[in-house]
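Visitor: Return a 3D structure for these sequence lines:
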Amino acid sequence: MAKVSTTTLKKNLERNIETFDEGVTDRSRQSDAIITRTVMILFAILFPLCIVCFSANFVFRIPDIYSFDLGRTLSAKEADIDMENKDLAEAISEYMFHSKSLQSLNKSVTKTDGKSAFEKKDLNTLTAYRKSLDKGFLVFCIALVLSVALYAFMLHTKRKRTLRRSFLFSFVGFLFWMVLFVSLLFPAKIRMQIFAGGVVSPANKATMLSTLFDTKLFWEMGAVMVAISLLILFTANSVTRAITKETEIF
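Guide: Got it, this is the predicted structure:
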């Protein structure tokens, strides 16, 4: 009887150990699944945000689109500014890149009679405009650091499938940020307030900025920004697929 009891106890103990191990394994799998989903969602949100902020900063600071818009609409000379279109675009771009101060910009952009071309409202608009880009650049830096950390984590933990899926969902995240960007910045009143110094109407006198640049400039910048963002996103996705060396398509 004692022998039978000992055997039974051993079997029960082994069964309990197996049940415990299965429970630990299930909890471990659940924890791993939670971590995987969290990392995937965070990357799908942060990486597109990083790209959008970078593209916006690049496009909204370079002189090329300003120069193109001046050539398409009212030229600097027609606005009585003693500068060529290219020089005016470069002056604005230099201010946006912090290589020229507001005072220096105001002194360099003058009318043919030697007076400053920009009114106080123009200068305030340019200041607010650059501050918005600076905040966007800060968001870009933070999102970039976090995105790189998540990318490295997925590679280090051999979550290649998760990494590839994260890029798939990044396209959804990019669409989300662009819709948010358009809904917040592209309504006519907000566009004019941000860039052209206020809504141009009979009760609101046009400023030099709103005279030089119409609201189509914002749409042009937005189109270029989307093109650059998608180029970066597709390139990063292609490089990742090559690194992970997977063949299945998600």
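
Visitor: Can you tell me the number of residues neighbouring the closest residue to N57 other than its chain neighbours?
Guide: Spatial nearest neighbour of N57, excluding adjacent residues (Cβ to Cβ, 6 or more residues apart in numbering): F137 at 5.1 Å. To be clear about C-beta, it is placed using only N, CA and C from the backbone, and glycine gets the same treatment. A total of 16 residues lie near F137 under the criterion other Cβ atoms under 10 Å.

Visitor: Kindly report the same for T110.
Guide: Using other Cβ under 10 Å: T110 sits among 16 other residues.

Visitor: so it bridges to which residues?
Guide: In this entry, T110 is beta-bridged to S116, by DSSP bridges.

Visitor: Please report the distance of it from S210.
Guide: For T110, the distance to S210 equals 19 Å [Cβ to Cβ, to the nearest Å].

Visitor: so the residue nearest to N57 touches S55, yeah?
Guide: No. Using Cβ atoms under 8 Å, F137 makes no contact with S55, being 11.5 Å away.

Visitor: Excluding covalently adjacent residues, which one is nearest to the residue positioned nearest the centre of the chain?
Guide: Nearest to the mean C-alpha position of the chain, by Cα atoms, centre = their mean, lies V52 at 2.2 Å. In this structure, V52 finds its nearest non-sequential neighbour in W177, 4.8 Å apart by Cβ to Cβ, 6+ apart.

Visitor: now the spatially closest residue to N237 that is not a sequence neighbour: how far from G222?
Guide: The spatially closest residue to N237, leaving aside those adjacent along the chain, is F167, at 4.5 Å (Cβ to Cβ, 6+ apart). Distance, F167 to G222, by Cβ to Cβ: 23 Å.
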